[in-house]
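*Asks:* Here is the input, now give the coordinates:
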Amino acid sequence: MADLNLPVLDLSQLDNGIEAAARFRDDLRAATHDVGFFYLTGTGVTADLSRRLHRAALDFFALPEEEKLSIENVKSPHFRGYTRVGGERTQGKVDWREQIDIGPERETVTDGPAFNRLLGPNLWPAAQPELREVVTEWHAQLSGVARKLLRAWALALGADESYFESNFGDPSTLIKIVRYPGTNEPAPQQGVGAHKDSGVLTLLWVEPGVGGLQVERDGKWVDAPPVDGAFVVNIGELLEYATGGYLKATNHRVISPKAPNERISVPFFFNPALDARLSLIDLPAELAAEARGVTADPTNPIHSLYGENALKSRLRAHPDVAAIHHPDLVGASQLR
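*Replies:* So this is what the prediction gives:
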């Protein structure tokens, strides 16, 4: 494992006695203080479920173009549904990938804060009813993993075990099923550009044996190749905020594969309710002394209210959806 560039943690150690659980929490705290990324094994997510999800992803992207475009995200004011290749941007540059975005099933909300516009129903392909079934199972499994991980994180940071649960409300989740098509360009191409996630926790499943993910460490880009049976885990901007910068959200990106290869990945984002505001964790003195402060970037403010952070990211990533459904928010200074 020495050549993996990221730490490897085994979640099952939390169930192997007091000493093993304490070591896991220490390793978790160190990994996310030093790197912000790690591999997570021992989650209990079965290889069969992962295979079924992978198969469903391949089947979706193999649908005729008209079937995929029938649920195109420009039809959803909630930024749900299918995004065609080139339909998303990171830092203003086009990402070379196609995807489907799936969030919690909700009724549309027409009043209240602007971030309430993210609430609403998903768009599901009529030609592939099994997609909804496997995604629902995936959501339930990974929500359990995320909750277990966050309880361990809270204890590792000197907080009560229920810190995140008591602050999350009804969690905002997002599943993105992504396909990176291969390119014939001689230079590396942007599958998705360098960015930090806007929330708390991301669990990333990557097609076995397929690389492309890179993480920024000490000012350099390092590869994070997939590990069989493991998720790649990273923290988002909101956890950096809640710890006063003791934990740091880390830039990452994906390089497009060379044609004729492609890459399937499925990130799962587990975040607070849109109207939840995480309070600062009262870190033990020895940890607080190592807190580096929240990243100060005037072009990318980190909001303590999750809905503001989430809306900021969606407006940036999908300017076409924003222009069609939310023209009053385009260019809003508080969401830059």
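
*Asks:* what comes up buried for stretch 148-159?
*Replies:* L149, L150, R151, A152, W153, A154, L155, A156, L157, G158, A159 (16 or more other Cβ atoms under 10 Å). Glycine gets a C-beta too; all of them are placed from N, C-alpha and C.

*Asks:* how about the strands of the stretch 101-250 of the chain, start to end?
*Replies:* For the stretch 101-250 of the chain, applying DSSP state E, counting those that start in this stretch gives strands covering 172-181, 190-195, 201-206, 213-217, 220-223, 231-235.

*Asks:* Can you flag the weakest of those strands by average pLDDT?
*Replies:* For these, mean pLDDT drops lowest on strand 190-195, to a mean of 87.

*Asks:* Figure out how far that one is from the centre of its chain.
*Replies:* 13 Å (Cα atoms, centre = their mean, to the nearest Å).

*Asks:* Also stretch 219-226?
*Replies:* A distance of 17 Å separates the C-alpha centroid of stretch 219-226 from that of its chain, computed with Cα atoms, centre = their mean.

*Asks:* start to end distance for it?
*Replies:* Using Cα to Cα, to the nearest Å, the end-to-end distance of stretch 219-226 comes out at 22 Å.

*Asks:* buried sites along it?
*Replies:* Buried residues in stretch 219-226, counted by 16+ other Cβ under 10 Å: A224, P225, P226.

*Asks:* Contact partners for the last one?
*Replies:* Taking Cβ atoms under 8 Å, 6 or more residues apart in numbering, we find P226 in contact with V206, E207, P208, G209, V210, G211, L213, V232.

*Asks:* what do you get for V94?
*Replies:* Counting by Cβ under 8 Å, 6+ apart, V94 has contacts G86, E88, Q190.

*Asks:* The same query, at a cut-off of 7 Å, please.
*Replies:* G86 (Cβ atoms under 7 Å, 6 or more residues apart in numbering).

*Asks:* Local confidence estimate at it?
*Replies:* pLDDT, read off for V94, is 85.

*Asks:* For it, give the beta-bridge partners.
*Replies:* V94 has the following beta-bridge partners by DSSP bridges: R89.

*Asks:* again, but for the one 4 residues further on
*Replies:* The partner list for E98 in beta bridges (DSSP bridges) reads R179.

*Asks:* Distance check, it against R217.
*Replies:* Applying Cβ to Cβ, to the nearest Å, the value for E98 to R217 is 29 Å.
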